[in-house]
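Asks: Could you look at this predicted model? Sequence included:
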Amino acid sequence: MPIIFTPARIIFTVICLLCTSAALAFFIIMQEKEQDGHWPWPVNGVLINQYSQAAQVWDDDHRFYTVPAHTRSGDELDVDHAFEPASGRWCKIGPHTVTLKTDGYFKNCPCFALDAGRACIQF
């Protein structure tokens, strides 16, 4: 008996293919993170610097560099950790977007580390 492709069956097939593709992409990204300990593009960390001075940041590939005042880190570089000038702490950003506010404190920091390149502090 021939298979009849109704609009509902076509939509269901497309949805299944999209879900499978998304699951595969997630698996590949997680494998990359597992292998070298940092998130690959396009899930890089991003810093929005609203502070009056350049923000010190760190990533696995480029080590220490700065994000100028009143700018945003670009997509070409990953921000793994950023220094919070008001407290002297390092924020481990991961795949998130973090804002360094005008008062020198972070908004949306997922967790803090003891130093650049270190894991989050667990309490």
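Replies: Structure's in. What do you need? Worth saying up front: this structure is predicted, and the values here are computed from it rather than measured. Residues are numbered from 1 along each chain as shown.

Asks: The residue most central in space within the chain and Cys16, how far apart?
Replies: For the chain, the residue nearest the mean C-alpha position is Pro95 (1.5 Å; C-alpha atoms, centre = their mean). Distance, Pro95 to Cys16, by C-beta to C-beta, to the nearest Å: 27 Å. Where C-beta positions appear, they are placed from N, C-alpha and C, glycine not excepted.

Asks: re earlier: wait, the residue nearest to the centre of the chain touches Gly45, no?
Replies: Yes: Pro95 is within contact range of Gly45, at 6.2 Å (criterion: C-beta atoms under 8 Å).

Asks: Need the pLDDT of the residue lying closest to Gln53 once chain neighbours are set aside.
Replies: Nearest-residue entry for Gln53: Ala69, 5.5 Å, with adjacent residues in sequence omitted and distances by C-beta to C-beta, 6 or more residues apart in numbering. Per-residue pLDDT puts Ala69 at 96.

Asks: OK, contacts around Ala69?
Replies: Counting by C-beta atoms under 8 Å, 6 or more residues apart in numbering, Ala69 touches Asn49, Tyr51, Ser52, Gln53, Ala54, Ala55.

Asks: who's the last one bridged to?
Replies: Right, the one you point to is Ala55. Val67 (DSSP bridges).

Asks: try the first one
Replies: Per DSSP bridges, the residues bridged to Asn49 are Thr71, Leu100.

Asks: Good, wrapping up.
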